[in-house]
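**Q** here you go, sequence then predicted model.
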Amino acid sequence: MIKILKATSKNAKLLSQISVESFLPAHGHSAPKDDINKYISKHFTEKIFEKELENPVNAYYLIYYKNKIAGYSKIVFNSPNNHIKAQNITKMERLYLLKEFYGLNLGSALFHFTMDVSKQHRQEGIWLAVWTENERAIGFYKKMAFQIVGSYNFKISETHYNPNHILYLKY
């Protein structure tokens, strides 16, 4: 029913599509449309994903539900944060789920899988940044036992930043 696989460079186009489809409902209203479109064209292209998948510090995992792609996670090992004392920690850059798969506990399954991978790499915890107005995501991460440890301004464009919480879960 649920299958989680490590992404490869062959999945770059798929990751690009999932990113746009997931980012717009959660963040599309967070900045002017032109800024959002520029952000997407700068960060979610197939070429960007090809480069990121070639870099061994990045780990992408695809989650499938009933053989349909449902989302993905991206983590970066040994990625310290100024708000956290521990150094051997994983940054979860993305946990994206397509809207049609909400409510099936797939986000939880993908998160726990990602956390297990992080632990296998001898990491002390996992951290992330989440937009302060993304109540659904904040609720999810608090349910997973994350704590707010700081703040960060996420750059959407040259003129627009979104306030983010820095969340941390110590293992």
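**A** Everything's here; your move. Numbering: from 1, shown residues only.

**Q** only C-alpha atoms for contact and neighbour calcs from this point on.
**A** Fine.

**Q** any chance you could map the helices in this protein?
**A** 12-27, 33-43, 46-54, 106-120, 135-143 (DSSP state H).

**Q** can I get these in a markdown table with distance to residue 93, mean neighbour count and mean pLDDT?
**A** Formatted as a markdown table, the helices of the chain follow (distance: least, C-alpha to C-alpha, whole Å; neighbours: other C-alpha atoms under 10 Å; pLDDT from 0 to 100):
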| stretch | distance to residue 93 | mean neighbour count | mean pLDDT |
| --- | --- | --- | --- |
| helix 12-27 | 12 | 17 | 94 |
| helix 33-43 | 12 | 14 | 93 |
| helix 46-54 | 12 | 17 | 97 |
| helix 106-120 | 11 | 18 | 97 |
| helix 135-143 | 13 | 14 | 95 |
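
**Q** so which of those helices comes closest to residue 165?
**A** Closest of the helices of the chain to residue 165 is helix 135-143, at 8.8 Å (criterion: C-alpha to C-alpha).

**Q** center of the protein - which residue?
**A** By C-alpha atoms, centre = their mean, the mean C-alpha position of the chain lies nearest to residue 94, the distance being 0.6 Å.

**Q** that one and residue 62: what is the separation?
**A** Distance, residue 94 to residue 62, using C-alpha to C-alpha, to the nearest Å: 11 Å.

**Q** give the residues shared as contacts by these two.
**A** 72-73 (C-alpha atoms under 8 Å, 6 or more residues apart in numbering).
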